[in-house]
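K.L.:
Okay, sequence plus prediction incoming.
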Amino acid sequence: MTRIGVEATGLYEHDSDPTVSIDCKKFRPTVRQIKHFFSRAYPVEGYVFMHSKYSPCYAKGSIDFADGHFGKWVLSSGGAASLTFNRGDHVTVYYPRNEWIDPFDAYDGDEGLK
């Protein structure tokens, strides 16, 4: 990857629980953390993003690759991302050992329990 653009962090899906918006504002991954994520993330089935590592908290942005391709990403605080390439292809990727705050991870910060 040659460039990571961050459009927004601390976003959340609509939820009837008013604390979700407050909690999700804690999800503020840095450009360095997002680069680290995408340099180590590996492809997984889509259900990982939507179910097993689902979080209402997300960030979004863009990514450019050295081969000239580019895309848009949506990154869940749970460590899964959906990447849509400029050609329209989609891929879900996952990496579990991230340094950002995941408001819905009871073991956040304790690598031994992840």
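P.N.:
Yep, that arrived. This one's a predicted model, so the numbers in the text were calculated from it and none came from an experiment. Numbers count the residues shown, from 1 in each chain.
K.L.:
going forward, measure contacts and count neighbours with C-alpha atoms only.
P.N.:
Fine.
K.L.:
got a list of what the closest residue to E7 other than its chain neighbours touches?
P.N.:
In space, and not counting its chain neighbours, E7 is closest to G61: 4.7 Å by C-alpha to C-alpha, 6 or more residues apart in numbering. Contacts for G61 (C-alpha atoms under 8 Å, 6 or more residues apart in numbering) come out as I4, G5, V6, E7, A8, K72, W73, V74.
K.L.:
go on, S62?
P.N.:
Residues in contact with S62 (C-alpha under 8 Å, 6+ apart) are I4, G5, V6, E7, F70, G71, K72, W73.
K.L.:
what do you get for H90?
P.N.:
For H90, the contact set (C-alpha under 8 Å, 6+ apart) comprises S82, L83, T84.
K.L.:
Secondary structure for the residues you listed - can I get that in JSON lines?
P.N.:
Putting those into JSON lines (DSSP: H, G, I helix; E, B strand; the rest coil) gives the following:
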{"residue": "S82", "secondary structure": "strand"}
{"residue": "L83", "secondary structure": "strand"}
{"residue": "T84", "secondary structure": "strand"}
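K.L.:
I'd like to know which of these are buried.
P.N.:
Among the contacts of H90, those that count as buried by neighbour count (16 or more other C-alpha atoms under 10 Å) are S82, L83, T84.
K.L.:
ok, residues contacting the longest strand along the chain?
P.N.:
Looking across the chain with DSSP state E, the single longest strand is strand 3-12. Here strand 3-12 makes contact (C-alpha under 8 Å, 6+ apart) with 20-21, 24-29, 31, 34-35, 56-65.
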